[in-house]
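K.L.:
Please work out how this folds:
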Amino acid sequence: MEECTIRDLFMKHGTPMKKQKNQFIFDPTVSRNMSEAYFLVEGVASLTALNEEGEEMVYLYFNEQRIIGFAEILARKYRYSPSASLFIPPAAFWITAKSDCVYYTMKEPVFSRLLDEDIRFAGAVLEAISLNYLEIINKVQHTRNVDKETLFCEWLLSCRVKRNGLSIVPKTFTFTEVAKYLGMHPVTVSRIAGNLRNQGILSRIDGCLVITDEKRLLELVRRGRSRLQEPALPEVPRG
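P.N.:
All right, here's what the predicted structure looks like:
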């Protein structure tokens, strides 16, 4: 199903909302009568939680044209299904606007009904689930095995937004924040970004990182991933 059609359903059945940078789109500490799902129209948001030390940890970044925040709805909807032998409610999480965000919110009963009645809507939700799953798996695997340049390039592609025909990473992201998310040192992130600028792949416009050659950036990611998939060389016997 086309993304614009999903947006149309959220426009028809939901409520338009706006949040400024660093405001919560979803806050589990605020009392709610029912859960909601969201369709992010503009901006970048993050999925965050607190570790044992009370430190905020970012697990995912969400860019535009994406359904988010529906985990609690699905957990309740399918908690009594035959496959749900052990129901574990989702851990507390926050969805934070990393830049100014425009989105639609849809109440749980409507979201649940559309899942049952509209196979195209259900397919779009399944696509969103798959995308979230793959991005988390890739992050865990790649932070352990992929070179740092490939990791940073993947992050750039996941957080870009389209503005006036340009692929832009909002200026709200600092190298310190990106380094923490990717498990690097800020100096390493700055060095990689500088190398990409020297290659003509990145530039800065009005304080924002701009991907000036997305084709070459994708090629760097493909090469980095292919190295991850190459079989290890056999050890040479000693003596």
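
K.L.:
now the strands for the chain?
P.N.:
15-19, 24-26, 36-42, 45-50, 56-62, 66-68, 94-97, 101-107, 161-163, 166-169, 202-205, 208-211 (DSSP state E).

K.L.:
domain ranges for the chain?
P.N.:
According to automatic domain parsing, the chain comprises the domains 3-144, 148-229.

K.L.:
Compile these into JSON lines and extend it with columns for mean pLDDT and mean neighbour count.
P.N.:
In short, each C-beta sits where N, CA and C put it, glycine included. Below are the domains of the chain laid out as JSON lines (pLDDT from 0 to 100; neighbours: other CB atoms under 10 Å):
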{"stretch": "domain 3-144", "mean pLDDT": "84", "mean neighbour count": "15"}
{"stretch": "domain 148-229", "mean pLDDT": "87", "mean neighbour count": "16"}
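
K.L.:
so how far is stretch 113-121 off the chain centroid?
P.N.:
Between the centre of stretch 113-121 and the centre of its chain there are 24 Å (CA atoms, centre = their mean, to the nearest Å).

K.L.:
To clarify, my last question referred to stretch 157-172.
P.N.:
The answer for stretch 157-172 is 13 Å, by CA atoms, centre = their mean.

K.L.:
neighbouring contacts of that stretch?
P.N.:
21, 42-44, 61, 63-64, 98-99, 135, 156, 173, 205-211, 214, 217-218, 221 (CB atoms under 8 Å, 6 or more residues apart in numbering).

K.L.:
From the contact counts, what lies against the longest helix anywhere in the chain?
P.N.:
Counting residues, the longest helix found in the chain (DSSP state H) is helix 119-145. Contacts defined by 3 or more CB pairs under 8 Å, 6 or more residues apart in numbering; DSSP states H and E place helix 119-145 against helix 3-13, strand 56-62, strand 66-68, helix 108-117, helix 148-159, helix 214-229.
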